[in-house]
Structure formats: C-alpha cells, structure tokens
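starting from these lines, generate the structure:
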Amino acid sequence: MTTSPPRLAPHDVTFWDLVVTSGWHLHPLTDEELHYFETRFPTLRGKKAIDAGCGTGGFTRHLYAAGLDVTGVDWSPFSIALARQATPCPLPYLVHDLSLGDPPGLIARSIDLVVCRQTASLLRDPDELLYRIRTNWLRPGGQLYLSEVRITDHEARTQRGGMTEQQLARLGVGWAHATRHDLTSQRAACVILRSPAS
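Numbers count the residues shown, from 1 in each chain. Predicted structure coming up:
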C-alpha cells in the first residue's frame, strides 16, 4: 500500500482511478468515526440516503447494513466497478460527476440523509454542492453528514482536499442546525447539518 496519492490533477477521473488502484486513502473509516455516526443516527432504518463520493462503497455498504435505502454515487468508474464487485446484493451505484449537477433520476427533496466523506473539499465549488443538497436533495428536516480532514491555511495553498477552520465554520450557513465533532484518532472533523424544516 502506498502512503501518498498519485501525482495528478485532483479534479481528474484518471487521478481517482489511480488512487483506488494504489490503495491510498485520505483518511480511512475508523471505529471512532463509525461509533460517532451510529450514535448520532440511531433510527434511520427504511430512510432514503445518498453516499455522495462513495468511492469503493465501504460506507455505502455500512448504510445498507443499517437498514437504509441507499445509493452510492462516485465519478470514478473504476471505484464504482469495485463497489459493485464488493456488494453481494443489488445495491444501486451511479457513476456521476457531482460538480455537474444532481445525480440522474433524483426526485427533488426526497432524501433523508446524505453522506459526503472527503468529497466536498475536492470539488471546484463545494458550496454549490452543499446548496444543492440542502435545497434540492434533502427533504425538509433532512440531514447531511460531512467528514473532512482538518488542514492549515498553508496546507490549503499547497494541496487539494481537506478544509481549514474557516471553511469548516462556514459550513453551517443556510442550514437550520450544525453540529461538529473532531475525531481524536485522526485529523478529521465530522459535521452534521440539518436542512430547514420547510
């Protein structure tokens, strides 16, 4: 397993296909994050969810096992192919570039939960994605679970991915409620945003 990603432009499908084949992860899912997620979302069985930027589908499969009606979305065809291979049931996965608009077939304001791990900060306009999630994806009162690596201002100028303290603080703008939890096992912040009730 390599310790750093391939050296290509991050907003490039080829880059992410190589990331997957290298075995590199920006920050893998830990027991600490999984425990935090499960305690914050204990009663989601039967709800509709989207795993936005699902990669090879590890968290998508966790959501499915928890009883959610979940769709995994990622723009890397190779990642989606691996996600399908690793899923023993016919779990829906879509190849789609989130920076180009909503996933095909999305029914407006029909989703209870969107998970967005290590994805928003890699887009050219993360605010635009969060706005679409809040106004067009989530039902009234629906929630977004977002996980991002915490980076310094200097790191933000020299690398792609992760969010500064200022960027993390801005995430709650326009949302009805925001909750943040910093993981101790790695340098990541988990943010839960709830959309307005109407």
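
from the chain's centroid, how far away is stretch 179-196?
Here the centre of mass of C-alpha atoms in stretch 179-196, compared against the chain's by Cα atoms, centre = their mean, to the nearest Å, lies 12 Å away.

start and end of that stretch, how far apart?
Distances were taken as Cα to Cα, to the nearest Å; on that basis the terminal residues of stretch 179-196 are 14 Å apart.

likewise for stretch 190-198?
Per Cα to Cα, stretch 190-198 runs 25 Å from first to last residue.

which outside residues touch it?
With Cβ atoms under 8 Å, 6 or more residues apart in numbering as the contact definition, stretch 190-198 has outside contacts at 33, 36-37, 40, 130, 134, 138-148, 168, 171-172, 175-183. Using the backbone N, CA and C atoms, a C-beta is placed for each residue, glycine as well.

the most centrally placed residue in the chain: what's it in contact with?
Closest residue to the average C-alpha location of the chain: residue 116 at 1.6 Å, with Cα atoms, centre = their mean. Residue 116 is in contact with 52-53, 129, 133, 144-147, counting by Cβ under 8 Å, 6+ apart.

looking at these, which are in helices?
Those of the contacts of residue 116 mapping onto helices are residue 129, per DSSP state H.

would you turn the contacts of residue 116 into TSV with neighbour count?
Putting the contacts of residue 116 into TSV (neighbours: other Cβ atoms under 10 Å) gives the following:
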residue	neighbour count
52	24
53	23
129	23
133	25
144	26
145	22
146	27
147	24
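
among the contacts of residue 116, name the ones in strands.
The members of these that map onto strands under DSSP state E are 52, 144-147.
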